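Chemist: Provide a 3D model corresponding to the input given below.
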Amino acid sequence: MRLSFKLFVALASVLAACAHGPVGSLGVPIPSVSEPYVEELVRQAHALRLAEQRQWHKLLHYRLGVMGQGFLGGGYESEADGPAFFLSPRGKLDPAAELDATVRALFLPLRGDPNEHPLCRFPARFLYLREQLGIDPRKLPVQRCPKAEQFIAELDPGSVTLIFSSYYLNNPASAFGHTFLRLNKRNSLAVGERRELLDYGVDYSADVDTGNALIYAVKGLTGLFPGTFKRIPYYYKVRTYNDYESRDLWEYELKLTPSQLMLLSAHLWELGHTYFAYYYLSENCSYHILSLMEVADPSLHLLDGISSPVIPADTVRALFKYPELVGKVGFRPSARRQFQTRAAQLSADELTMVEELAVDAQHKLPAALPSAREIAVLDAAADLIDVWYARELVHRENSEAAARKQQLLERRARILQPSLPLEVQTPEAERPERGHGSQRVGVGAVTGGDHWGLSLDVRLALHDLTDPTPGYPELNALEFMHIRALFWQTQRIELRDASFVHVASLTPQTRFDRKSSWEFDVGATTVRDKACNNCLMAQAAGGAGLTFAFFDNRLALFALGYGNLGWSPKLEGLATTHFRAGIGPAGGLRLRITDGLILLTRAHWLWLPGQTPSSTYRANATLRISLFSALAIGLEAEAFPNGLEAQALAYTYF
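Modeler: Predicted structure coming up:
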């Protein structure tokens, strides 16, 4: 059955399985229908209890309160916050009132612009009610919706793909990754990757109004940014993620029917009339992309079991609760990975040529170099410029880097031979759905000196350097709300560490990548030296340095310049205050023996000028083995000025 993306009446007929031809003409009103007909539809909706149906709740984004509908239960509330999204004054809190108002609003007389009529503003609601109530389209006051028709015709989706953009620690908003949809056009003259670039991406994100990191964090955590759905050409998303930020894209084709795709497209138009309070940890891009899928197919319960914080990888894992939902899985490598693949095929001398060409596009190549090897060198040099100058190439069209790349492309064009296809091996182990759960709880035993006790470790998200590696970046750590408490046999409870956020990015030094490694930690830790034995100190710590990796990153050595600023009311600190300030070296070793067996040792020494003691240190070693994706066992040892300590913990991921 052929779908028409130009007439909502024909679309409704598809859902009702009785396709008709075009009805009416652009914006032409027909005689008002009698009120008894409308009220009969309202009574029919009550009899069918449509206001209680899951599809209606999903279309209006209602969420039931934690305690349900009864006394003090909270009842229903829509997550949409824009008042224009509701036709009833009680619509945000009352599904039945909004349903009645919608049915009646569909038959309001046309006054002025048809695009502003409720029928044209809320086509997805109409499609649903048309199917349930058998509304006669000939009795509607509006039969054409030019702007909505144009919007859906431009989308023209033949299928939809969920995109996961890999972790990017240099941007707090994308540190956990990002998910969005690609609506794949039905009719396109292009093929393959070129065709995909002409599709539209559908993205939910915060409308940020500040560049201040602290204000951004506060607003993002408390829902003070409006979040909106945006339609963006897919080539723009590829340029931003693949090229500018060098992030890999994982593509999951979803099996939706034509009518479900139509409902999704119509609902996207409706969402242009509203906004949602954006919460960085809960109602974020991942959450609302899943809510869109539930609108398209209400039999899906993708949000069930999703808890805060909602991580983009959780979105992908949720899809696989319905194996029949996911079709083809694709991979679009980043500019950096493409260059690394080309570089791996070159000799040491050819790599030198690549480096020289990236600096000077007119650099002469050896006359004896075969044309096939010259092509490989020029292609790699052009890719290297993409990696080195990604920001400049995106934001400055007439930059020196852009001119240099153009010169390389012109040199390449003069060799009238095609390049060999670049075959980038898909890193199956990095597929986000194969990673461990984003939340973790560990329990175990601790001993130190003549004391022993129990240890409890809780983390809301996401991954550290000794967690199982599949599905996560090899040498990155990103932890949010990580707490460790000790319960000693003396009935003393000690909050050992409470990290609000801990991030570590260990970037190996290579011939073509000299980026620094860095780390920071904000939270609290227990001081265990002469200044204050076993007192909790608020701290901000971090540093930067170098990482050297070997054997495909299985072995990594890192050294950082490290600093620490802390405060505790019991601390004998700097200049008779309760502040501690220290600086010194830090470093460590990470060895991935197998994908599930990892050893990490690290230490830092701090000089504490003008303080007592004048220096302090902390050193620890962790050996963790993953028994399967949801369970791991860890052995830990730690040394500090006041003694030694050892722990054994069992971790579960969920």
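Chemist: tell me the contacts of the residue nearest the centre of the chain?
Modeler: By Cα atoms, centre = their mean, the chain has its centre lying nearest to residue 178, at 2.0 Å. Neighbouring residues of residue 178 by Cβ atoms under 8 Å, 6 or more residues apart in numbering: 164-165, 168, 241, 285, 312. Every residue, glycine included, has its C-beta placed from N, CA and C.
Chemist: what residues go with each domain of this structure?
Modeler: 8-145, 156-332, 335-413, 435-653 (automatic domain parsing).
Chemist: Please, where are all the strands along the stretch 151-300 of the chain?
Modeler: Counting by DSSP state E, counting those that start in this stretch, the stretch 151-300 of the chain has strands at residues 157-165, 178-185, 200-206, 225-233, 249-254, 276-278.
Chemist: quick one, which of these is packed in tightest?
Modeler: Mean neighbour count (mean count of other Cβ atoms under 10 Å) peaks for strand 178-185 among the strands of the stretch 151-300 of the chain, with a mean of 24.
Chemist: That one pairs with which strands, and in what direction?
Modeler: strand 157-165 (antiparallel), strand 200-206 (antiparallel) (DSSP bridges).
Chemist: Throw the ones you listed into a markdown table and include distance to residue 111, thanks.
Modeler: Listed next are those as a markdown table, based on distance: least, Cβ to Cβ, whole Å:
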| stretch | distance to residue 111 |
| --- | --- |
| strand 157-165 | 33 |
| strand 200-206 | 32 |
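Chemist: With respect to residue 596, which of those lies nearest?
Modeler: Closest to residue 596 of those, according to Cβ to Cβ: strand 157-165, at 23.0 Å.
Chemist: which residues does the residue nearest to the centre of the chain bridge with?
Modeler: Beta-bridge partners of residue 178, as defined by DSSP bridges: residue 165.
Chemist: can you check residue 584 too?
Modeler: Beta-bridge partners, per DSSP bridges, of residue 584: residue 562.
Chemist: Tell me the first helix or strand C-terminal of the helix or strand harbouring residue 386.
Modeler: Assigned by DSSP states H and E, residue 386 belongs to helix 371-388. The C-terminal neighbour of helix 371-388 among helices and strands, as given by DSSP H and E, is helix 390-395.
Chemist: Report all helices and strands that that next one contacts.
Modeler: helix 400-413 (3 or more Cβ pairs under 8 Å, 6 or more residues apart in numbering; DSSP states H and E).
Chemist: send the alpha carbons of the helix it packs on over as PDB?
Modeler: Listed next in PDB are the C-alpha coordinates belonging to helix 400-413 (Å, rounded to 0.1, in the frame of the first residue of the first chain):
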ATOM      1  CA  GLU A 400      45.700  27.800   6.000                       C
ATOM      2  CA  ALA A 401      44.900  24.200   6.800                       C
ATOM      3  CA  ALA A 402      42.100  24.100   4.300                       C
ATOM      4  CA  ALA A 403      44.300  25.600   1.600                       C
ATOM      5  CA  ARG A 404      47.000  22.900   2.400                       C
ATOM      6  CA  LYS A 405      44.400  20.100   2.100                       C
ATOM      7  CA  GLN A 406      43.200  21.500  -1.200                       C
ATOM      8  CA  GLN A 407      46.700  21.500  -2.600                       C
ATOM      9  CA  LEU A 408      47.100  17.800  -1.500                       C
ATOM     10  CA  LEU A 409      43.800  16.900  -3.200                       C
ATOM     11  CA  GLU A 410      44.900  18.600  -6.400                       C
ATOM     12  CA  ARG A 411      48.200  16.700  -6.400                       C
ATOM     13  CA  ARG A 412      46.200  13.500  -5.800                       C
ATOM     14  CA  ALA A 413      43.800  14.300  -8.700                       C
END
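Chemist: Give the buried residues for the strand ranked longest in the chain.
Modeler: Identified as the longest strand of the chain according to DSSP state E is strand 532-550. By neighbour count with 16 or more other Cβ atoms under 10 Å, strand 532-550 contains the buried residues 532, 536-537, 539, 541-543, 545-547, 549.
Chemist: And stretch 602-612, by the same measure?
Modeler: Result for stretch 602-612 [16+ other Cβ under 10 Å]: buried residues 602-606, 608, 611.
Chemist: what's the offset of it from the middle of its chain?
Modeler: Relative to its parent chain, stretch 602-612 has a centroid offset of 38 Å by Cα atoms, centre = their mean, to the nearest Å.
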